[in-house]
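Chemist: the sequence isn't on hand, but the structure is:
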């Protein structure tokens, strides 16, 4: 089951998703549609990857209690930036770690850290669980040629 509501003149989009891997591509599609509606297509690739990593971590590692949904929030920020949030009902915090060359996983937060220029973190939220957030913006080197 997916729920959706849009806040304050479309500056924030909130969705709730089942704690399932199938929610990740659905959330990506919703993010792409939101960025297109906001006229921010240049953020799509980086934002989709960041959201995918954060939501995958919540679904795979957070061990959300049965019956609880995972929430995503996309908030438009000044300066062509977006804040992505993933809320889950688990208190365990993700940890940025160095993966070995032979590791088959464990690089997701390294990608998030690089794509957001270190603008991500974990905050408490009212009630059960946490929220993991990241800010995606257009890198300076993608400014169009005159």
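Modeler: Arrived safely, thanks for sending. This one's a predicted model, so the numbers in the text were calculated from it and none came from an experiment. Numbers count the residues shown, from 1 in each chain.

Chemist: buried residues, stretch 120-131. List them.
Modeler: Buried residues in stretch 120-131, counting neighbours by 16 or more other Cβ atoms under 10 Å, are found at 120, 129, 130, 131. The C-beta positions use only the backbone N, C-alpha and C, and glycine is treated the same way.

Chemist: now, the residues you listed that are in strands?
Modeler: With strands defined by DSSP state E, the entries of these inside them are 120, 130, 131.

Chemist: ok, and the closest non-adjacent residue to the first one?
Modeler: In this structure, residue 120 finds its nearest non-sequential neighbour in residue 134, 3.8 Å apart by Cβ to Cβ, 6 or more residues apart in numbering.

Chemist: cool, and the second one?
Modeler: Closest residue to residue 130 apart from its sequence neighbours, by Cβ to Cβ, 6+ apart: residue 122 at 5.6 Å.

Chemist: tell me the SS of that neighbour?
Modeler: Assigned state for residue 122: strand (three-state reduction, DSSP: H, G, I helix; E, B strand; the rest coil).

Chemist: my read: it touches residue 94, true?
Modeler: Yes: because the distance of 6.7 Å satisfies Cβ atoms under 8 Å, residue 122 is recorded as touching residue 94.

Chemist: quickly list what's touching both of those two.
Modeler: residue 132 (Cβ atoms under 8 Å, 6 or more residues apart in numbering).

Chemist: for residue 82, list the residues it contacts.
Modeler: 35, 40, 43, 47, 74, 75, 76, 135, 136, 137.

Chemist: cool, residue 116 as well?
Modeler: Residues touching residue 116, when contacts are defined by Cβ under 8 Å, 6+ apart, comprise 50, 134, 135, 136.

Chemist: what score does it have for pLDDT?
Modeler: We have a pLDDT of 94 for residue 116.

Chemist: before we move on, what about the one 4 residues further on?
Modeler: We note a pLDDT of 95 for residue 120 in this prediction.

Chemist: how far does stretch 113-130 stretch from start to finish?
Modeler: The first residue of stretch 113-130 is 18 Å away from its last residue (Cα to Cα, to the nearest Å).
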